[in-house]
Each structure stands twice: as C-alpha cells, then as structure tokens.
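A.B. asks: Got a predicted structure plus its sequence, pasted below:
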Protein chains: 2
Amino acid sequence: MSAAGVDPSVYLERLARVRAAMAEHDVDTLLLSVGHDLPYLTGYTAMPLERLTMLVVPRAGDATMIIPALEAPRVREVPGAFELLAWGETQNPTALVAGLAAGSGRVAVGDQMWARFLVELLPQLPGAEFTRAVDVVGPLRMSKDQAEIDALTAAGAAVDRIAAELQRGEIPLVGRTEADVSAHLSRRIIEEGHDKVNFAIVAAGENAASPHHHAGSRLIRENEIVLCDFGGTMAGYCSDTTRCVFTGEPSADVAEAYAVLHEAQRVGVAAGAVGTPCEEIDRATRKVIDDAGYGEYFIHRTGHGIGMEEHEDPYIVEGNQLPLEAGHAYSVEPGIYIPGRWGMRLEDIVVATADGPVALNNSDHGLVGVDA
Amino acid sequence: MSAAGVDPSVYLERLARVRAAMAEHDVDTLLLSVGHDLPYLTGYTAMPLERLTMLVVPRAGDATMIIPALEAPRVREVPGAFELLAWGETQNPTALVAGLAAGSGRVAVGDQMWARFLVELLPQLPGAEFTRAVDVVGPLRMSKDQAEIDALTAAGAAVDRIAAELQRGEIPLVGRTEADVSAHLSRRIIEEGHDKVNFAIVAAGENAASPHHHAGSRLIRENEIVLCDFGGTMAGYCSDTTRCVFTGEPSADVAEAYAVLHEAQRVGVAAGAVGTPCEEIDRATRKVIDDAGYGEYFIHRTGHGIGMEEHEDPYIVEGNQLPLEAGHAYSVEPGIYIPGRWGMRLEDIVVATADGPVALNNSDHGLVGVDA
C-alpha cells in the first residue's frame, strides 16, 4: 500500500542520499523488492508474491519500478522519483530488470528479496558482483529522524499500556492457555492503535526457557513465571517489549536471577552513550549476568535495531564495532534461560540521543506478582 | 513450529523422493530456508528473520539443519531425516552452510530464501551453479496425496460457509468501510477453523477494478458491486475463494458482464481434465471473455496452484504447457476490471482427479443481490 500521509519530497531526499551512498560504495545498480527498503524510498510495499515487484535504481539516471500490471493501480507515484514499468502475465520480469541493469559491475540487492529472483538474474548479469543493499540503505534507515522517533515513541507507549494491564492483573493468566493470552495481547495491540501484530509470545514456566517459544495449548498455572514479548507496527514503525510476571510469590531462585537480569538490563540501557560501539552494550549486560554466574544461560545477543522492521541494524552483539549515533534505535533485552525449568527476559527499546540514551518503554521493570 | 500431528515416516519418504529428484536434475546440494519446502520435508517452519535457519540436503549422505541456538528447542527432530547444527550468536552461519556444500557443482535454493544469504554464499561457493529448488521439490508438492486434498477440502468448505453468509446478507455491507468488512471476514476465517488469515480483500465499486486492492476507509454504498476475495491456512493448507455481491439490483452493464464471467469460470473449471496443459485452461476462460468483447479487461492469468502456499505450482497461465495430473490443486479465477467503474472476479479451487475436475468451492456462483 502507499503511504498516503508522507510528503513526496521525503522520498526524493532519501533517494538522493541513497545515490550518494551508492557512489561511496561503488554500487552501480540497486535492486529492491520485498522488504522495507522499498517503502522507505518510495512509500510502496511490494507484495510477497511470485509476481516480481522491483525498484531498479541506477547510480545516475532515472529509477524504474518494475511492477505486475495488476498491482500498478496500488502504487502512489512520486513525480521525479521513479517511473512505473508494468509487466503483463506472460512477460519475464527479471529480463526487464536485467535489461535496465545491463553492464553493471556491482549490483546491491535487498536482504529480503526472494532468492528465486537473484537465481534468475545471475545468468542474465554474468559480469556483475552482487552485494547487500543494506550497506547502502541501512545507514540511512538506521539514523531515525524526529518523525520516525516520534512514531517509535507512540508505538512504545501503546505496548506499555498493555504491559501495565498485565502487571495490574487485568489480563487473566492462570487457567488460560498461552495461546489464549497471546490472542488477548494481539487484540489489545490492535486496539491500542497498531495496524498489525508482529508477535505476541506468551511462554509459561519451563516454556519460557525457549526464547522464541510459540504460544500453545499449555495452561498457565499458579506460582510460575509468564514471559510476554509482544509488539506490532503502528504507522509504519514497530513496537517491541518484554515483561515477565509471576502468578504468585516468586520462588527464591527466580527472584535472585531476576534481580540479576533487572540490573543487567539497567546497565545495558545506561551504556548507550553516543559513540559507544554496539558490542560494548552487549558486553555491559553480559558482564552483569556472567559475574552472577548465569552466563551460560544468556544464549542470545543483547538486542537488535528497530524501525520499520522489528529487527534491523544496528545489532547489539559481540563483533559489531559500529559506534552508536544519535537517532539509532535498538532493543536492550538480556535473558536468562534454565532449560526445563524457567526463563526470563526484560526488554526496552532505546533511542540514542546527544543527551544520552532514552528508553521508550517505561512500564514497571520488576517481576510483578499477579494474583492467581 | 513443528507439525506435531504428522507421522515422521512421511518426512523420510518425502526426503527419499527429493533425493531421487536431485539425482534426476543433477543437483548436488539442496538449500531450504524460509518458505514451505522446509516444513514439507521436515515439519519445521523457519522464522523469517536475519538469523539463518537452513536445511542442507546433499544428494547422498545426511541432511543437516543449521539453526540459531535459541530456535533449536522449537524443532521436533525426525530421527534419520536430519541432524541439528545449532549456531551461536557470534558464528557465521553461511560459512557453516558453505562448509557442508563445499565442492557442489549445482546448488538448488528455495524460492523464498532471503537473497541476503545467497549473496553471502556466492563468494563462498565459487564453483557452484545456482538453480531453483522448486524444480526438485515443486513436482512433489504439486501432486497432493489424499490427506492433503482432504485438508484443502476442509479449508474450502470453511470459506464457503462465510461466502454463504455474505450472500444471505448476514455480513452487513452498506455504510461500513471496506476495512471493517475485511476485519469481519478475517474474524470469521479464524472462527471457521483456520489458524491464520492470509488475506481478506474487500473492494467496492470502482475499487474492485484493482485486483489486489487493499481494503480501506471507503464506505460501501447502495447499488454497487462488492468483491470479496479471502482465505486462510487451516492445518497447514490454504483456502482461497472470491465472490461478488451487489448491494441492490445490478445495473444492466454489470449484469451482462457478470454473465460472461460466470460462464468463463464454469468453462475454465470444466476444462481441467487430467492431461490438459495448464495454459489450455487459461485459454478456455479467456476465449469466453474475449469473444464477449471484454478481453482487454481480463488483465491477469486464470489461476495459481494452491497447497501449503496460497500461490504455488501449477500456474494456470499462457506458456505453461505442464499437463494436469490427478492431485494437482489450483484456482480458476477469471476477472473483468473496468478502470474507474467496477471490477468482478469469480474464484474456486479445483482438484484434478481421474474422474474429472472437482471444485472445492460450492457457494452460489451468481452475482447475488443483498439488501441494502
């Protein structure tokens, strides 16, 4: 769908910056299809179908959006940004792309483009070297402008209201299935103004030890931890928060581990000064958990960037030496997972600013006990 | 998630057939990630994330599922089918894949794999020629067994119940927005037993002239056509049907065109005898519409295969000479779209059988008038 509310000049300005980045990275042609780079640059989101939609951006000259004829009416044209080239059902769209990209030395392709289309392009562009478009578009998308930060802030506030309901016991847990609570959270995500639910993980007791547990038919019982990790997309930007509650009085082992997790997350948020390498934030949270003896149970990175996508650059992971800049938005979400027993995670979205890190999630960070 | 209800022997048998197809197509290694080939062969669906999940199937020898360590607990292992190789957050998963695929001459990759991973693999497998996995797995998936046909039949019956409600006027239209009716259909899709809504297109009046219109804030009025194209996934298999209703008494031009559409769709369904090339079905529907003078307004192919995916082989399109086999399942969905005025489409899912084509959708095929 087109992004009806956005001033077209935004897209022209972004395309100009992308072309500058293409020159810097010696990229001759940029190819964007399914994924978020395309709407970032044009306002149009490609349908994830076998019928190819692809924006072809040469370093100089006009961009062309190859689009199935039957999707063409959905595109809101942006004068000066791109031409539409509609293809019919018996045409070969990758041949149209290859014609426009002919002679390119380096071709950058979007991460989420279907591999099928790259496989088809390989023999049609025999001299080309393929690279990832994220190198060109990613740095632009990583640095959010004020309108984007406002959108992330609004989405964050919406999920905070749901987290607060959970913590006040207004979302019943004991005796319901995880799937039922997940559906409840999903409904609330939409009611709070999101256009789309991205996920609503509900994992009780031992299931919480699987970080991406699929909410299922297990009944939530008294005296166990319930991990809820949920978010959606509101006006094009994502929310994502994790809170754990306990259906009763936490046992000593859980309470002790949670205190460590809480401190690790606080330290991780506080570490987000502009100029700090991303991996240092990961190290900061990990050190707290390691020092307390839970290191082997923190089995994932500390966080991920967020924006139009749930997960995007910058990743908060060992090995990522990228220094934080003002406008970077990312999650800080350490976890401790004891297989077969329980798991816990605590997650906020954070925006780096010149005045220091600003958390966009502000619901209670403690392990709140809810009445069984 | 794993497909808990399926006998593991199904996966072993499918893998054996895939290996035979690999030999036939001279494919040394098959790489499957996001998409439906992976659950078809293993019962496990990869999450569409930047963390790579990939099944590596050599033509001979054991298959390996490369999986993020934090997803590993979600996999239901199938003894004898594949080994799990969990990777940690600081490892490079494509290097693990390249190691397993080293020396391969031809490598077949899943259509929906993220292009990012293929871009990363290209320099790591310099001698390899890449092809589409659909050539290897597609023919297997195209020929549905009885359990699969039963699943498609059940899903089809579920959306037929919703179409009947629409035609009986039990789903209010006039005065509601397209988006509101779309949400109503979506809720009913879930209530009727689907696990997931795939789409619920609602397009009124001139909006119906855009085949993939996104249901929006336009109010549905009296005396116009309302096109509803909806479906979901139930027990792993998809439904998909389109019916149009008219909020009042159809005008003469609409009624006349609909009679042509109705006949074209009937002829298309009837054309589906085993052995018929797919393009002949497209030609059959198109001839009826061409002969009546609406040819330029039928702007898409006649149909698509359906199964675990909404759109898969065989495509019912000019140029596809594949002969129908018993067990092929596909849509027959001609349409007539007059830009700026109205559009109409009529769609059933059909299964080819030795006794002739069987339509899985049986709600009223007429342009039913509903009370305004």
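C.D. replies: Structure's in. What do you need? Numbers count the residues shown, from 1 in each chain, chains lettered A, B, ... in the order given.
A.B. asks: residue boundaries of the helices in the stretch 101-250 of chain A?
C.D. replies: Shown for the stretch 101-250 of chain A, the helices assigned by DSSP state H, counting those that start in this stretch span residues A:115-121, A:134-142, A:146-167, A:178-191.
A.B. asks: Save these as CSV, and put in mean neighbour count, mean pLDDT and distance to chain B too.
C.D. replies: All C-beta atoms are positioned from the backbone trio N, CA, C, and that covers glycine. What follows is these, written out as CSV (neighbours: other C-beta atoms under 10 Å in any protein chain shown; pLDDT from 0 to 100; distance: least, C-beta to the nearest C-beta, whole Å):
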stretch, mean neighbour count, mean pLDDT, distance to chain B
helix A:115-121, 23, 97, 4
helix A:134-142, 20, 94, 8
helix A:146-167, 19, 97, 18
helix A:178-191, 19, 91, 9
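A.B. asks: Make TSV from those helices and add distance to residue B:238 to it.
C.D. replies: Below are the helices of the stretch 101-250 of chain A laid out as TSV (distance: least, C-beta to C-beta, whole Å):
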stretch	distance to residue B:238
helix A:115-121	19
helix A:134-142	32
helix A:146-167	31
helix A:178-191	21
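A.B. asks: Which residues are in contact with the residue nearest the centre of chain A?
C.D. replies: The structure's chain A has its C-alpha centroid closest to residue A:310; by C-alpha atoms, centre = their mean the separation is 1.6 Å. Going by C-beta atoms under 8 Å, 6 or more residues apart in numbering or on different chains, residue A:310 touches A:198-199, A:231, A:238, A:240, A:304.
A.B. asks: which regions of the stretch 251-372 of chain A lie under the pLDDT threshold?
C.D. replies: Applying pLDDT under 70 to the stretch 251-372 of chain A flags residues A:372.
A.B. asks: Could you check which helix or strand contains residue A:320?
C.D. replies: Counting by DSSP states H and E, no helix or strand carries residue A:320.
A.B. asks: can you tell me the helix or strand for the residue nearest to residue A:45 when sequence neighbours are not counted?
C.D. replies: In this structure, residue A:45 finds its nearest non-sequential neighbour in residue A:39, 4.6 Å apart by C-beta to C-beta, 6 or more residues apart in numbering or on different chains. For residue A:39, the host element (DSSP H and E) is helix A:37-42.
A.B. asks: Quick check: the residue nearest to residue A:45 vs chain B, distance?
C.D. replies: 13 Å (C-beta to the nearest C-beta, to the nearest Å).
A.B. asks: ok, that residue touching residue A:308?
C.D. replies: Yes. If you go by C-beta atoms under 8 Å, residue A:39 and residue A:308 touch, sitting 6.9 Å apart.
A.B. asks: if I look at those two, which residues touch both of them?
C.D. replies: Common contacts of residue A:39 and residue A:308, defined by C-beta under 8 Å, 6+ apart, comprise residue A:236.
A.B. asks: residue ranges for the strands of the stretch 1-150 of chain A, please.
C.D. replies: Using DSSP state E, counting those that start in this stretch, the strands found in the stretch 1-150 of chain A span residues A:29-32, A:54-58, A:63-68, A:82-87, A:106-109, A:129-132.
A.B. asks: confidence score at the residue lying farthest from the centre of chain A?
C.D. replies: Of all residues in chain A, residue A:90 has its C-alpha farthest from the mean position, at 36.1 Å, by C-alpha atoms, centre = their mean. The model reports residue A:90 with a pLDDT of 83.
A.B. asks: and what of residue A:7?
C.D. replies: Looking at residue A:7, its pLDDT reads 80.
A.B. asks: Counting neighbours, what do you get for it?
C.D. replies: 9 (other C-beta atoms under 10 Å in any protein chain shown).
A.B. asks: what's the answer for residue A:46, then?
C.D. replies: Close neighbours of residue A:46, defined as other C-beta under 10 Å, add up to 25.
A.B. asks: got the contact list for it?
C.D. replies: For residue A:46, the contacting residues are A:33-35, A:38, A:53-54, by C-beta under 8 Å, 6+ apart.
A.B. asks: Format those residues as TSV; extra columns: neighbour count.
C.D. replies: Below are the contacts of residue A:46 laid out as TSV (neighbours: other C-beta atoms under 10 Å in any protein chain shown):
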residue	neighbour count
A:33	23
A:34	23
A:35	25
A:38	23
A:53	24
A:54	26
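A.B. asks: Turn those residues into a markdown table, columns for pLDDT.
C.D. replies: Shown next, in a markdown table, are the contacts of residue A:46 (pLDDT from 0 to 100):
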| residue | pLDDT |
| --- | --- |
| A:33 | 97 |
| A:34 | 95 |
| A:35 | 93 |
| A:38 | 96 |
| A:53 | 97 |
| A:54 | 98 |
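A.B. asks: Quick check: which of the helices of the stretch 101-250 of chain A is nearest to residue B:104?
C.D. replies: Residue B:104 sits nearest to helix A:115-121 of all the helices of the stretch 101-250 of chain A, at 14.5 Å, using C-beta to C-beta.
A.B. asks: Pull that closest one out as CSV, backbone CA atoms only.
C.D. replies: Taking C-alpha atoms only, helix A:115-121 is exported to CSV below (Å, rounded to 0.1, in the frame of the first residue of the first chain):
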residue,chain,number,x,y,z
ALA,A,115,16.4,-15.8,-3.7
ARG,A,116,14.4,-17.0,-6.7
PHE,A,117,14.8,-13.7,-8.5
LEU,A,118,18.5,-13.5,-7.8
VAL,A,119,18.9,-17.0,-9.1
GLU,A,120,17.2,-15.9,-12.3
LEU,A,121,19.3,-12.8,-12.5
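A.B. asks: which helices and strands does that helix pack with?
C.D. replies: helix A:93-101, helix B:115-121, strand B:129-132 (3 or more C-beta pairs under 8 Å, 6 or more residues apart in numbering or on different chains; DSSP states H and E).
A.B. asks: Can you confirm whether the first one lies near chain B?
C.D. replies: The reference is to helix A:93-101. No. On the criterion C-beta under 8 Å from any C-beta of the partner chain, helix A:93-101 is out of touch with chain B, staying 11.8 Å away.
A.B. asks: Identify each buried residue in that helix, please.
C.D. replies: Using 16 or more other C-beta atoms under 10 Å in any protein chain shown as the test for burial, helix A:93-101 gives A:93-94, A:96-98, A:100-101.
A.B. asks: For the residue nearest to residue A:121 when sequence neighbours are not counted, which residues are in contact?
C.D. replies: Nearest non-adjacent residue to residue A:121, counting by C-beta to C-beta, 6+ apart: residue A:94, 5.5 Å away. The contact partners of residue A:94, by C-beta under 8 Å, 6+ apart, come to A:52, A:117, A:120-121, A:124.
A.B. asks: Tell me, what's the model's pLDDT at residue A:4?
C.D. replies: Confidence score, pLDDT, at residue A:4: 47.
A.B. asks: now stretch A:113-121, how far from the chain's geometric center?
C.D. replies: Mean-position distance between stretch A:113-121 and its chain equals 23 Å (C-alpha atoms, centre = their mean, to the nearest Å).
A.B. asks: whoops, stretch A:116-134 was the one
C.D. replies: 26 Å.
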